[in-house]
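**Q** sequence first, predicted model second:
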Amino acid sequence: MSANKLHNQILFTKLRKTYPVFTYESYDFQYRDNEIKIQFRFTVGNDIIFQPVMRLSLANYAQSAIKDAEIAGLVFHIGMIELISYWKSICSPVIRIEAHSLTPVQQAWWRKLYYKGLGEFFYHNDITVTAKDLFAFAFSEEAKPVELFHFQYIKDNERVIVPIGGGKDSVVTLEELRLQSQVLPFIVNPRGATLDCARIAGFDPAGEVVILYREIAPQLLELNKQNFLNGHTPFSAMLAFYTLLVSYGTATRCIALSNELSANEPTIPGTDINHQYSKSLEFEEDFRLYVKENMNDCAHYFSYLRSLDELQIAEKFAQYRQYHSVFKSCNAGSKENRWCCACSKCLFAYLILSPFLTDGELFAIFGEDLLNKPEMQQYFDELCGIAPNKPFECVGSIAEVNRAITMILEDRKDKFLIKRYVQFLSR
């Protein structure tokens, strides 16, 4: 066992002994002026308190009959998925819920989501734990069963909620669905690319975009500085539960995500460790079943792009030239609304679009020729399978990357990374 792995396993065990119980103490919300303000309270003993605050603006789409009794169950469930960001800093062996209790089947569902959704977190922190031993739920004597919540069944209509992430995938979903439905765009923590994509699609962010302002409680950032545990959490699962609240608040049944076929591929071959677990078909089907059995089938959640691979999506996106100057898929440069041109997501986007765009068009988007950049070799090797593992990013499958490279081998044969690929094949 390496020194780093031993250290993290010891830290994991120490934190669990020091902080044996993580408590979901309460949730609160107020609805006013087409906005739902939400606050959660998570505690660990008397010393650690997290109180994140969220604001959901329903813009001009708010339905007229919003009732607190029908918001409550949705907000409680949002708290169950928000909790994961805070619990993972400590990994207490008991999660205690004060207000409501879960059935054994519901407990098993949440435990699976936490375990698989944190697969990358455990991998990078060198933590070994089984799903069974991860944690147990406990409930206060006053806890009311989740079954007592009332969830409004939203009927089908001509509208569809489309989350906009600022990348090519959500643009394709947005453009294709708005030809057949009334689209309600939904943005989490708006930034340059997401707002620009909404504007180009004809939506005014001031009143025609549903916006979630989501904060991370500052206490968590302090724990990170103190070297508590930290790492990746299943963001798309969190998004899924928020979309249910958007569905209710706008009386819109259909929720169209933009998760593609390749999201099902594990990041670490031969394992269940997948950076995109909560974008996978497995999670999508689990989520739909949970909503159907426990939340009155209140909304219909699906991925519009599920049957498409990344090359098919890239070919479609290449036709929407009005978005080429504004879309971004780079996490590193997102705050500055730019492509960093130094990460695996930038290189993947460049590669997957290369069969459908010229060098000049690609340069206009990225500002650099990433196929001629030796510094990208490590990411190139990870993306195409020369290296043993894929990058821990939302990127396509190894097979899709190889197909894209094959399509440009002749036209881009003088590029540095393409030359490397040919040399690798000839070994």
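**A** Nice, I can see it.
**Q** and the strands in the stretch 201-350 of the chain, which stretches?
**A** If DSSP state E, counting those that start in this stretch is used as the criterion, the strands of the stretch 201-350 of the chain fall at 210-214, 254-257, 300-303.
**Q** the last one pairs with which strands, parallel or anti?
**A** Looking at strand 300-303 with DSSP bridges, its paired strands and their directions are strand 254-257 (parallel).
**Q** residues contacting the strand it pairs with, please?
**A** For strand 254-257, the surrounding residues in contact (C-beta atoms under 8 Å, 6 or more residues apart in numbering) are 156, 159-163, 173, 177, 181, 236, 239-240, 243-244, 246-247, 279, 284, 299-305. In short, each C-beta sits where N, CA and C put it, glycine included.
**Q** just the buried members of those?
**A** Applying 16 or more other C-beta atoms under 10 Å to these, the neighbour count classes 159-163, 173, 177, 181, 236, 239-240, 243-244, 246-247, 279, 284, 299-305 as buried.
**Q** separation between the closest residue to V188 other than its chain neighbours and M54?
**A** Excluding the flanking residues, the one nearest V188 by C-beta to C-beta, 6 or more residues apart in numbering is L212, at 4.7 Å. Between L212 and M54 the distance is 7 Å, computed by C-beta to C-beta, to the nearest Å.
**Q** repeat that for I154.
**A** Distance from I154 to M54, by C-beta to C-beta: 21 Å.
**Q** need the contact list for D68.
**A** 29, 31.
**Q** let's see 7 Å
**A** Counting by C-beta atoms under 7 Å, 6 or more residues apart in numbering, D68 touches Y31.
**Q** could you do the one 10 residues further on as well?
**A** Contact analysis of I78 by C-beta under 7 Å, 6+ apart lists 38, 241-242, 245.
**Q** that one falls within a helix, correct?
**A** Yes. Assessed with DSSP: H, G, I helix; E, B strand; the rest coil, I78 lies in a helix.
**Q** keep only those of the buried ones among the contacts of strand 254-257 that are in helices.
**A** Residues of these located in helices (DSSP state H): 173, 177, 236, 239-240, 243-244, 246-247, 284.
**Q** name the nearest of the residues you listed relative to L113.
**A** A240 (10.0 Å; C-beta to C-beta).
**Q** can you tell me how far the closest one is from K279?
**A** Look at A240 and K279: by C-beta to C-beta, they are 10 Å apart.
**Q** K316 too?
**A** Distance from K316 to K279, by C-beta to C-beta: 18 Å.
**Q** could you do L177 as well?
**A** 18 Å.
**Q** do the same with A108
**A** Counting by C-beta to C-beta, the gap from A108 to K279 is 22 Å.
**Q** tell me the contacts of E158?
**A** With C-beta under 7 Å, 6+ apart, E158 has these contacts: 181-182.
**Q** next: the one 10 residues further on.
**A** K168 makes contact with 313-314, 317, 327, 329, according to C-beta under 7 Å, 6+ apart.
**Q** now those as JSON lines including distance to Y123 and neighbour count?
**A** Formatted as JSON lines, the contacts of K168 follow (distance: C-beta to C-beta, whole Å; neighbours: other C-beta atoms under 10 Å):
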{"residue": "I313", "distance to Y123": "27", "neighbour count": "24"}
{"residue": "A314", "distance to Y123": "29", "neighbour count": "24"}
{"residue": "F317", "distance to Y123": "31", "neighbour count": "23"}
{"residue": "F327", "distance to Y123": "30", "neighbour count": "23"}
{"residue": "S329", "distance to Y123": "23", "neighbour count": "23"}
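**Q** which of these sits closest to I95?
**A** Ranked by distance to I95 (C-beta to C-beta), the contacts of K168 are led by S329 at 34.0 Å.
**Q** so who does the nearest residue to the closest one once chain neighbours are set aside touch?
**A** Leaving aside its chain neighbours, S329 sits nearest to G167 (4.0 Å; criterion: C-beta to C-beta, 6+ apart). By C-beta under 7 Å, 6+ apart, G167 lies in contact with 327-329.
**Q** enumerate the positions of stretch 173-182 that are buried.
**A** By neighbour count on 16+ other C-beta under 10 Å, the buried set for stretch 173-182 is 173-178, 181.
**Q** hmm, back to that, ok, the residue nearest to S329 to L308 distance?
**A** Per C-beta to C-beta, G167 is found 14 Å from L308.
**Q** before we move on, back to that, from the contacts of G167, which one has the minimum pLDDT?
**A** Lowest pLDDT of these: S329, 92.
**Q** hmm, it is touching Y350, no?
**A** No. S329 is beyond contact range of Y350, at 10.0 Å (criterion: C-beta atoms under 7 Å).
**Q** what about the chain, any weak spots by pLDDT?
**A** Where the chain drops to pLDDT under 70, the residues are 1-6.
**Q** now do the residue most central in space within it against P163, distance only.
**A** When C-alpha atoms, centre = their mean is applied to the chain, the residue found nearest the centroid is S236 (2.8 Å). Separation of S236 from P163 (C-beta to C-beta) stands at 9 Å.
**Q** again, but for F203
**A** F203 is 13 Å from P163, by C-beta to C-beta.
**Q** what about V53, neighbour count?
**A** 13 (other C-beta atoms under 10 Å).
**Q** residues in contact with it?
**A** 39, 215.
**Q** tabulate the contacts of I78 in JSON lines, adding columns for distance to A62 and neighbour count.
**A** Shown next, in JSON lines, are those (distance: C-beta to C-beta, whole Å; neighbours: other C-beta under 10 Å):
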{"residue": "I38", "distance to A62": "15", "neighbour count": "24"}
{"residue": "F241", "distance to A62": "19", "neighbour count": "22"}
{"residue": "Y242", "distance to A62": "15", "neighbour count": "23"}
{"residue": "L245", "distance to A62": "12", "neighbour count": "23"}
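**Q** farthest-apart pair in those residues, please.
**A** Longest span within the contacts of I78, C-beta to C-beta: I38 and F241, 11.5 Å.
**Q** tell me which element V422 is part of?
**A** Here V422, judged by DSSP states H and E, is contained in helix 416-425.
**Q** equivalent analysis for F22, please.
**A** strand 21-32.
**Q** which helices and strands sit right next to that strand?
**A** Secondary-structure packing of strand 21-32 (3 or more C-beta pairs under 7 Å, 6 or more residues apart in numbering; DSSP states H and E): strand 35-44, helix 68-87, strand 94-97.
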